[in-house]
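*Asks:* Next comes the sequence, and after it the predicted model I'd like to discuss.
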Amino acid sequence: MPRLIGLTLCVVFAILLILAISGPHSTLEAQNSLSVPKVLHNFKAANPPKIVPATEFIVGETQKRALADYRGRGVVLNFWATWCAPCVREMPQLDRLNAMIRRDNIDVITVSEDRPQQGSGAALIKKFYQINGLKHLPEAWDPKGKMMRRLAVRGLPTTILINAEGLEVGRIIGPAEWDHPKAVDFLRRLLSPKSK
């Protein structure tokens, strides 16, 4: 009889342990009651959300910025390059997206992975922004690809979605329809800091 009780307790404990472990690993959509719109079909939730490593990038010629500087705001962090055709196509959409969601305490940061042969990446990005009429995005670049490596970005374009607590909640590998109303609504609900 004591052996049966011990076995029963082990089974109950195992079931409780499985339930406790599986809870945090449920999908992000279920946690937040969000459904991913078709225009963001390549969205992959981070289950569970994970801390974004400390890493820096450059804005303009020399201004160092870190993702920690954006704590308290949501971030749409896009990695791109001028030689990447899908990246170039989505840059005007990301520019419009930033204009639409900044008031929701969400920033769109597009980080160039270009490796200019001469001069700084800032000059190359500035010229690209002027030619394409981009007005709402910071001229950000990752001089030696350190940020890209630290965040395990494998190809371009890749966009990492970071909440106000500094956690990666998901990523999109490949292009997306960033300024589509359903995409904008999804990003607002996913990334806007919750009022307390």
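*Replies:* In hand now; what should we look at? Numbers count the residues shown, from 1 in each chain.

*Asks:* What is the neighbour count of Asp95?
*Replies:* 21 (other CB atoms under 10 Å). C-beta coordinates here come from the backbone N, C-alpha and C atoms, glycine included.

*Asks:* would you say it is within a strand?
*Replies:* No: counting by DSSP: H, G, I helix; E, B strand; the rest coil, Asp95 is not part of a strand but helix.

*Asks:* hang on, Val52 packs against Leu161?
*Replies:* No: with contacts counted by CB atoms under 8 Å, Val52 stays clear of Leu161, the gap being 10.3 Å.

*Asks:* Is Ile125 located within a helix, as I assumed?
*Replies:* Yes: counting by three-state DSSP, Ile125 falls inside a helix.

*Asks:* gap between it and Asn132?
*Replies:* Separation of Ile125 from Asn132 (CB to CB, to the nearest Å) stands at 11 Å.

*Asks:* Likewise for Pro53?
*Replies:* 31 Å.

*Asks:* Poorly predicted segments of the protein, please.
*Replies:* In the predicted model, the chain carries pLDDT under 70 at residues 1-33, 118, 195-196.

*Asks:* Mind jotting down where the helices sit in it?
*Replies:* Secondary structure of the chain, counting by DSSP state H: helices at 2-22, 28-32, 85-101, 121-132, 146-150, 181-191.

*Asks:* Phe186 versus Leu156, what's the distance?
*Replies:* Distance from Leu156 to Phe186, by CB to CB: 22 Å.

*Asks:* quick one: the longest strand seen in the chain to helix 181-191, angle?
*Replies:* Ordering each strand of the chain by length in residues (DSSP state E) puts strand 43-51 first. Here the directions of strand 43-51 and helix 181-191 differ by 20 degrees (axes from the mean of the first three to the mean of the last three CA atoms, to 10 degrees).

*Asks:* Tell me the strands beside strand 43-51, with direction?
*Replies:* strand 167-173 (antiparallel) (DSSP bridges).

*Asks:* got the buried residues for the partner strand?
*Replies:* The neighbour-count check on strand 167-173 (16 or more other CB atoms under 10 Å) flags Glu168, Val169, Gly170, Arg171, Ile172, Ile173 as buried.

*Asks:* Turn those residues into CSV, columns for distance to Leu34.
*Replies:* Listed next are the buried residues of strand 167-173 as CSV, based on distance: CB to CB, whole Å:
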residue, distance to Leu34
Glu168, 16
Val169, 10
Gly170, 10
Arg171, 15
Ile172, 14
Ile173, 19
